[in-house]
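Undergrad: no letters, just coordinates:
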Ligand SMILES: Cc1ncc(COP(=O)(O)O)c(C=O)c1O
């Protein structure tokens, strides 16, 4: 099966080989060496000098960790789809006073809206401990302008800026320190092109300072415990060493390609996908300034029904996603990230066109 869904994505054969290495003890020098190598490569990837935390688990675990460690009372969640809503749900489930600023599906967030929302919290005497933003909302293919929102956050030094880059990291530019991001988290199964299993976050000094005073951080997700173990290049619990080997090797491959070249490859694939889609009468679902470079969410509009073609493609071993939740049938999503190339997309589109044709002929 070839994956063109918005994650998980294709994994290179040599990376799968890395995962087949024999198990090693997690308190050995060898494990510490790989742990350190991963953290150092991740700093370079993310544009940060801050602490890098890693846990074995899904990205959602790091979303929960970021709330437990930074929010004493009140959080604000920028909601524009399923994954940004998840952060609101997590904060509510953790007993925090969670507020949502919601925009219609297909839109993202701009700096001015965020400034207004944060200021209104202060005006009411209820400032927010943290605000969450999903850089690339995978359910709608919406990218919000991270640098612009980060610049606004500098006006609100008491509010920590928590960012989900699950489906953008390594496919789009993210500069953690320059853009003022306090927690930048992601999983590794999207543009990082690794099997799911590690959750990663950079945490600023302000986050660690906050965490010291926030009660009920829990145990597994405690940033302080994770930071303290990092001093020994270790995890408090037993990590998946298969994933650590794979991550270290994949970071090398990413730097070999070059970060800018990688971001440009993703931008070009997004362009290629939109042009192909427009040729069928399918337009991008997101509004113009929010188009994603890693996930194209395409609206049916005046175009033909795509659902039967998705089934034919699946039977041919090519997996493309229908729309998420209420957008099912109205949109479909193509993930063009990680290992994908424009040649892979040409191949997919040829099969897609044939599948559409077959359906028309059949009818
Ligand atoms: C933007 C975004 N955030 C969070 C998640 C959750 O990731 P996980 O399933 O690893 O918890 C996803 C998964 O698709 C996602 O796309």
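TA: Sure thing, it's come through. The model shown is predicted, which means the values in this text are computed figures rather than measured ones. Numbering: from 1, shown residues only.

Undergrad: got the residues of this protein near the ligand?
TA: 7, 58, 59, 60, 83, 134, 138, 164, 166, 167, 187, 196 (C-beta under 6 Å from any ligand atom). (Each C-beta comes from the backbone N, C-alpha and C, glycine too.)

Undergrad: select only the buried ones of these in PyMOL?
TA: Here is the PyMOL command that selects only those of those that count as buried (16 or more other C-beta atoms under 10 Å):
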select buried, resi 7+58+59+60+83+134+138+164+166+167+187
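
Undergrad: just the ones of the residues of the chain next to the ligand in strands?
TA: 134, 164, 187 (DSSP state E).

Undergrad: looking at the stretch 201-350 of the chain, which residue is nearest the ligand?
TA: Residue nearest to the ligand within the stretch 201-350 of the chain (C-beta to the nearest ligand atom): residue 295, separated by 8.3 Å.

Undergrad: what residues are up against that residue?
TA: 6, 136, 138, 141, 167, 333, 334, 335, 336, 337 (C-beta atoms under 8 Å, 6 or more residues apart in numbering).

Undergrad: tell me which of the residues you listed fall in helices.
TA: Judged by DSSP state H, these include no members of helices.

Undergrad: what's the most distant pair in the residues you listed?
TA: Pairwise distances across the contacts of residue 295 (C-beta to C-beta) peak at 13.9 Å, for the pair 136 and 334.

Undergrad: who has more neighbours, those two?
TA: residue 136 (32 against 26; other C-beta atoms under 10 Å).

Undergrad: show me what the more buried one is bridged to.
TA: Under DSSP bridges, the beta-bridge partners of residue 136 are residue 143.

Undergrad: got the contact list for the residue sitting nearest the centre point of the chain?
TA: Closest residue to the average C-alpha location of the chain: residue 166 at 1.2 Å, with C-alpha atoms, centre = their mean. Counting by C-beta under 8 Å, 6+ apart, residue 166 touches 7, 59, 83, 134, 136, 138, 185, 186, 187, 190.

Undergrad: for those, which one is nearest residue 274?
TA: residue 136 (15.7 Å).

Undergrad: any idea how far that closest one is from residue 30?
TA: Counting by C-beta to C-beta, to the nearest Å, the gap from residue 136 to residue 30 is 35 Å.

Undergrad: cool, residue 36 as well?
TA: On the measure of C-beta to C-beta, residue 36 and residue 30 end up 11 Å apart.

Undergrad: ok, these two, which is more surrounded?
TA: residue 36 (14 against 11).

Undergrad: how about that one: what's its closest non-neighbour residue?
TA: residue 233 (4.6 Å; C-beta to C-beta, 6 or more residues apart in numbering).

Undergrad: likewise for residue 53?
TA: residue 226 (4.5 Å).

Undergrad: and the contacts of the host helix or strand of the one you found?
TA: Counting by DSSP states H and E, the secondary-structure element that holds residue 226 is helix 223-230. Contacting residues not belonging to helix 223-230 are listed as 39, 51-55, 65, 69, 203, 207-208, 211-212, 217, 219, 235-236 [C-beta under 8 Å, 6+ apart].
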